[in-house]
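[1] My questions concern the predicted model and sequence given below.
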Amino acid sequence: MITTTIQQLREFKTPFYHYDLELLDKTLRVAVQEANRHGFYLHYALKANANPRLLAVIREHGIGADCVSGNEITAAIESGFPADGIVYAGVGKSDEEIQLALQQEIGGFNCESFPELEVISQLAAASGKTARVSLRVNPGVDACTHHYITTGIEENKFGFPLDDVREATQRCLSLPNIEWTGLHFHVGSQITGDEVFRELCNRVNEIQRDLAATGLVPARVNFGGGLGVDYDDPDARPVADFAGYFRVFAEHFKRLPGQQVHFEPGRSIVAQCGSLVARVLYVKEGKNKKFVILDAGMNDLIRPALYQAHHRVENLSAAGTGALEPYDVVGPVCESADCFGEALLLPPTRRGDLVAIRSCGAYGEVMASRYNLRPLAPARFF
Ligand code: LLP
């Protein structure tokens, strides 16, 4: 719920990202408490939102960071995340990025291919460091979410195929300047329900059984991110179901003695604390419909255009003022895909009304672009 008063919101030039830092803090308290119940380790996935004010709040909760670029590693360190709590994934790590990670002595690489393994070994040897490496495995588990955010099936570019796990592990053990730390998985994002995570646990149990047959025990297992949030009704569920999520892993993953279990939540930490606040520029009568044209566009929030994502849209100025009517809510960008939703039910809407597009904290600001040479919208903290 946006509790900032409309008078306060009206003072700001739109569009802007509205962040509720109290909700972020509360979400983190729940996430950490529920993870601690099982002794699980958390690494916040910076890709979801790397705004420094948010990172400062997140760091205060003592969790690690999950990075996918050299710049994310630098941002995490500058925000005070301890280097040894940083994990670094990605199929295309450049030499410079690997060198940076080695210099910073990060907690570990999540390595995605044989050639990458060789390069990490060479660069580690050249700099006199030992790289801690977990192998990202593509477990062949379908997250059943939008195909652009499904990462754990064979056709995806991520991770080692299942058949290569034994050989990749042996390679880790034989290469100089590499310390094999375990296995890493991430099957997709915005996963709701338990089944996918249960299937992932079962698959990882099988992999561990197979490795154990050759005497190999991963010291760490990292299950990545993926926990979904409620985009339809963010006020009913402002905090994701961390308790249920971690319980699935506690019950279904056969943790070996002394083994560390890690997670990389992104969306579930930051999605609900952010809204994109925009003004209505025009209400346009189409042939059979009405368009609400906002001053925020797909360059500020690309999720609806890119993933057909649904975000709740609220008219903050006209709440409760009359019978709801259907409107197509669109942005000003010269693309038909610049649409936040069709036939959305809103109270009678006028030019100048303030509108909130909810659940934008994850993959909103961080994916913004300057398309059409529009300026980047600022962030405001409440
Ligand atoms: N770990 C790895 C290796 C990942 O690739 C991701 C997300 C995460 C953790 C965090 O996952 P989360 O907890 O946020 O689901 N832009 C898309 C989502 C892309 C997710 C990419 N990887 C969207 O707006 O839906």
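    Cool, got the structure.
[2] what's the straight distance from one end of stretch 104-115 to the other?
    22 Å (Cα to Cα, to the nearest Å).
[3] quick one: it near the ligand?
    No - residues of stretch 104-115 are not located near the ligand by Cβ under 6 Å from any ligand atom, the shortest gap being 6.8 Å. Bear in mind the C-beta positions are built from the backbone N, C-alpha and C, glycine included.
[4] for that stretch, which positions count as buried?
    By neighbour count on 16 or more other Cβ atoms under 10 Å, the buried set for stretch 104-115 is 104, 106-113.
[5] same thing with stretch 39-50?
    Neighbour-count burial for stretch 39-50 [16+ other Cβ under 10 Å]: 40-50.
[6] between those residues, which is closest to the ligand?
    A45 (3.6 Å; Cβ to the nearest ligand atom).
[7] With L21 as the reference, measure out to the residue of the stretch 51-200 of the chain found nearest the ligand.
    Closest contact between the stretch 51-200 of the chain and the ligand, by Cβ to the nearest ligand atom, is at S189 (3.2 Å). S189 sits 23 Å away from L21, going by Cβ to Cβ, to the nearest Å.
[8] Please spell out the segments of the protein that come in under the pLDDT threshold.
    149-150, 152-154 (pLDDT under 70).
[9] Enumerate the residues of it near the ligand.
    45, 47-48, 66, 89, 149, 186, 189-190, 224-227, 264-268, 303, 307, 362-363.
[10] Swap in 5 Å and give it another go.
    Contact residues (Cβ under 5 Å from any ligand atom) of the chain with the ligand: 45, 48, 89, 149, 186, 189, 224-226, 264-267, 303, 363.
[11] that older thread, looking at S189 and L21, which is more packed in?
    S189 (26 against 14; other Cβ atoms under 10 Å).
[12] Please verify my assumption that the more buried one contacts G226.
    Yes - S189 is within contact range of G226, at 5.4 Å (criterion: Cβ atoms under 8 Å).
[13] how near is E251 to F197?
    E251 is 10 Å from F197, by Cβ to Cβ.
[14] Settle it for me: which of those two has more neighbours?
    F197 (24 against 11).
[15] what residues are up against the more buried one?
    Contacts for F197 (Cβ atoms under 8 Å, 6 or more residues apart in numbering) come out as 191, 223, 226, 245, 248-249, 252.
[16] Among those residues, which one is most surrounded by other residues?
    If you count neighbours using other Cβ under 10 Å, the busiest of those is G226, which has 29 neighbours.
[17] what about that residue, distance to P82?
    Taken as Cβ to Cβ, the span from G226 to P82 is 24 Å.
[18] do I63 as well
    In this view, I63 and P82 are 10 Å apart by Cβ to Cβ.
[19] Which one's more surrounded, the two?
    Neighbours per residue (other Cβ under 10 Å) separate I63 from P82, with I63 holding more: 21 against 14.
[20] This structure - how does it break down into domains?
    6-16+272-381, 21-270 (automatic domain parsing).
[21] any common contacting residues for S189 and G226?
    Common neighbours of S189 and G226 (Cβ under 8 Å, 6+ apart) are A143.
[22] Phi and psi next, for the residue most central in space within the chain.
    For the chain, the residue nearest the mean C-alpha position is G266 (3.3 Å; Cα atoms, centre = their mean). With angles defined as degrees, to the nearest 10, G266 sits at phi -120, psi -70.
[23] Please give me every residue in contact with it.
    With Cβ under 8 Å, 6+ apart, G266 has these contacts: 44-49, 66, 189, 225, 362.
[24] Likewise for V32?
    42, 61-63.
[25] can we see that at 6 Å?
    H61 (Cβ atoms under 6 Å, 6 or more residues apart in numbering).
[26] just to revisit the earlier point, nearest to L211, out of the contacts of F197: which one, please.
    F223 (16.4 Å; Cβ to Cβ).
[27] gap between that closest one and F340?
    32 Å.
[28] Next: A362.
    Taken as Cβ to Cβ, the span from A362 to F340 is 16 Å.
[29] now swap in K47 and tell me
    From K47 over to F340 (counting by Cβ to Cβ), the distance is 22 Å.
[30] which other residues reach stretch 353-366?
    Contacts of stretch 353-366 (Cβ under 6 Å, 6+ apart): 2, 9, 17, 48-50, 231, 234, 267, 270-278, 280, 301, 303, 311-318, 340.
[31] quick one: the strands in the stretch 151-300 of the chain?
    160-161, 178-184, 220-222, 260-263, 274-285, 290-294 (DSSP state E, counting those that start in this stretch).
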